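**Student:** 3D model of this:
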Amino acid sequence: MGSLFRVSLRSFWLLSFAALLVPSVAEAQERSPFLVEQRVDFDFTPLVLSELEVAQASSDAQPAGTDNQPVTVTPDEPVAAEEGSLAKAAQNPIASLISLPIQWNSTPNTQWAPNVVDPSAQHNQTQNVVNVQPVVPFKVSDDLTLVTRTIVPFISQPWARGTNIQSLGDINPSVFFVPTLKGNLTVGVGPTLIIPSATDDSIASGRWSAGPSAVLVYTKGKVVAGGLINNVWSFAGGGEKDVNQMLIQPFLNYNLPKGWYLTSSPIITANWTNEDNKGWTVPVGAGVGRVFVLGTQPINASLSAYYNVVKPEIAGETLFGDWTFRAQVQFLFPTGG
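**Tutor:** Reported below is the predicted structural model:
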């Protein structure tokens, strides 16, 4: 109960801090009076949907187990041993470990609208998205663990005349049912839901959407690999357009000494409602990160960059910038032993 209280308190302050990162929507609209009427269909999927965090471990740690038992750390446990035990779970995105990732995605050289809407629009603005993503597991039985993951996005979207719309995005909770398995594989399946919670209509779908989601993780030696896939369809809400979009996120990680790691986890998306099958986003890239203990707080931190090889088209133009830069800090909360 004490651990859950500390997690809730940390989450409250971190959510409050994220909300202060952006000015009010009213302020942005006041700077550009006509922008409310200039609504544009912009594909926010690549940045708003979940980033599958895969925390890494030191190279001398044992391979992550797949029995999905809660991770425990005793107060007098050496730092190296603590990092090793955390690593076994941190390598597995659906492990039985409470965590709070805060992820920042930045895409410079983004164009706010097609030139048919604004002839002066150029690729000279930056889209920023901060995702707060608490992960909480619940042990149902010795044979089954339920892992919940909720993505709360805060969006700063380029708009007319050099302004930015600041908005809460659509909240995305997911539930994974993770059976206890032996060997190198971990599997999780369950539903994912999109809640129409965006506070600005210009970036809101206005639709409730849901669909299946699945995760597969393979761990052996220094390598952690796998992927996530889901597809959501709209089923309710007052939005004008149907939602039908897919996400595929492969990940490959290679552990280095002293908690350092190399990682690649591009988020590939397809908006099936886009005409002529031009709703794909396909990034390619990689990054580096480290798992460490700061004081008594275990942390996973990473930096990565992805080049958007394929970008969705809107009115015959690609508005998204060529590069997306990603920074993440993930707070880990093992059970006290």
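**Student:** for Thr273, phi and psi?
**Tutor:** The phi/psi pair for Thr273 (degrees, to the nearest 10) reads phi -90, psi -10.
**Student:** For the residue nearest to it when sequence neighbours are not counted, list each beta-bridge partner.
**Tutor:** Nearest residue to Thr273, sequence neighbours excluded (CB to CB, 6 or more residues apart in numbering): Asn244, at 5.4 Å. Any C-beta I mention is one placed from the backbone N, CA and C, and that applies to glycine too. Under DSSP bridges, the beta-bridge partners of Asn244 are Trp233.
**Student:** doesn't Gln166 fall inside a strand?
**Tutor:** Yes. Counting by DSSP: H, G, I helix; E, B strand; the rest coil, Gln166 is found in a strand.
**Student:** Now do the buried residues in stretch 267-287.
**Tutor:** Within stretch 267-287, the residues scored as buried using 16 or more other CB atoms under 10 Å are 267-271, 274, 279-283, 285, 287.
**Student:** Okay, now the unreliable bits of the stretch 51-200 of the chain?
**Tutor:** Counting by pLDDT under 70, the stretch 51-200 of the chain shows low-confidence ranges at 51-93.
**Student:** the helices in this structure, which residues?
**Tutor:** Using DSSP state H, the helices of the chain run over residues 2-19, 25-31, 45-48, 79-90.
**Student:** Can you give me the neighbour number for Leu146?
**Tutor:** 17 (other CB atoms under 10 Å).
**Student:** I meant to write Phe320 there.
**Tutor:** When neighbours are counted by other CB under 10 Å, Phe320 registers 26.
**Student:** do you know how far it is from Asp276?
**Tutor:** According to CB to CB, to the nearest Å, Phe320 and Asp276 sit 17 Å apart.
**Student:** Then Lys222?
**Tutor:** Using CB to CB, Lys222 is found at 43 Å from Asp276.
**Student:** And for Lys241?
**Tutor:** 16 Å.
**Student:** How about Ile94?
**Tutor:** Distance, Ile94 to Asp276, using CB to CB: 36 Å.
**Student:** same deal with Tyr218?
**Tutor:** Tyr218 sits at a distance of 36 Å from Asp276 (criterion: CB to CB).
**Student:** One more: Ile248?
**Tutor:** 20 Å.
**Student:** For the nearest residue to Val243 once chain neighbours are set aside, give me its contacts.
**Tutor:** Nearest non-adjacent residue to Val243, counting by CB to CB, 6+ apart: Ser234, 3.7 Å away. By CB atoms under 8 Å, 6 or more residues apart in numbering, Ser234 lies in contact with Ser205, Arg207, Trp208, Ser209, Asp242, Val243, Asn244.
**Student:** now swap in Ala305 and tell me
**Tutor:** Counting by CB under 8 Å, 6+ apart, Ala305 touches Gly285, Ala286, Gly287, Trp323, Thr324, Phe325, Arg326.
**Student:** Sort out for me which of those are in strands.
**Tutor:** Among these, the residues falling in strands (DSSP state E) are Gly285, Ala286, Gly287, Trp323, Thr324, Phe325, Arg326.
**Student:** so Pro334 makes contact with Pro298?
**Tutor:** Yes. When contacts are counted by CB atoms under 8 Å, Pro334 is listed as touching Pro298 (6.8 Å).
**Student:** Among those two, which residue is more densely surrounded?
**Tutor:** Neighbours were counted for Pro334 and for Pro298 using other CB under 10 Å; Pro298 has more, 26 against 22.
**Student:** Distance-wise, check that one relative to Asn271.
**Tutor:** Distance from Pro298 to Asn271, counting by CB to CB: 37 Å.
**Student:** Check Ala225 too.
**Tutor:** Counting by CB to CB - Ala225 and Asn271 are separated by 27 Å.
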